[in-house]
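J.: fold the following for me, if possible:
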Amino acid sequence: MKTKWIASTEAQNNFGRLLDDVIQNKTRYIIKRRNISQALLISIVDLEHLLAGNEAERQQVAKIIHEAKPAYTIGSVLVEDGEQG
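T.: Below is the predicted model:
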């Protein structure tokens, strides 16, 4: 399974294509907003495998989520005044 990153506006504009790619090609999408990972789009079949106890796949998804998580903490400055995110 491959994992792709996509901006939220691009995902919104191409949602039908994303669904086709997720279902037919088993692609996972990490959706970013303001360059920060916000959501993961996976197929129902993929979710069933994860919930059914496929440990290898769960570890793979956990690694992807860990790597995609925003790397900031409380009090971190994400965008300075006047800058766009």
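J.: pLDDT weak spots in the chain?
T.: 70-85 (pLDDT under 70).
J.: mind listing the strands for it?
T.: 3-7, 28-33, 36-41 (DSSP state E).
J.: reformat those as JSON lines; add distance to Leu50 and mean neighbour count.
T.: No exception for glycine: its C-beta is placed from N, CA and C like everyone else's. Formatted as JSON lines, the strands of the chain follow (distance: least, Cβ to Cβ, whole Å; neighbours: other Cβ atoms under 10 Å):
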{"stretch": "strand 3-7", "distance to Leu50": "14", "mean neighbour count": "14"}
{"stretch": "strand 28-33", "distance to Leu50": "11", "mean neighbour count": "18"}
{"stretch": "strand 36-41", "distance to Leu50": "11", "mean neighbour count": "15"}
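J.: need the contact list for the residue nearest the centre of the chain.
T.: Among the residues of the chain, the one closest to the centroid is Ile30, at 1.7 Å (Cα atoms, centre = their mean). Residues near Ile30 by Cβ atoms under 8 Å, 6 or more residues apart in numbering: 3-6, 37, 39-40, 64, 68.
J.: separation between it and Ile64?
T.: 7 Å (Cβ to Cβ, to the nearest Å).
J.: what's the overlap in contacts for the two?
T.: With Cβ under 8 Å, 6+ apart, Ile30 and Ile64 have common neighbours 3, 40.
J.: follow-up on the earlier one: dump the strands of the chain into a markdown table; add distance to Ala56 as well.
T.: A markdown table is the format used below for the strands of the chain (distance: least, Cβ to Cβ, whole Å):
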| stretch | distance to Ala56 |
| --- | --- |
| strand 3-7 | 15 |
| strand 28-33 | 15 |
| strand 36-41 | 17 |
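J.: since that was my last question, I'll sign off now.
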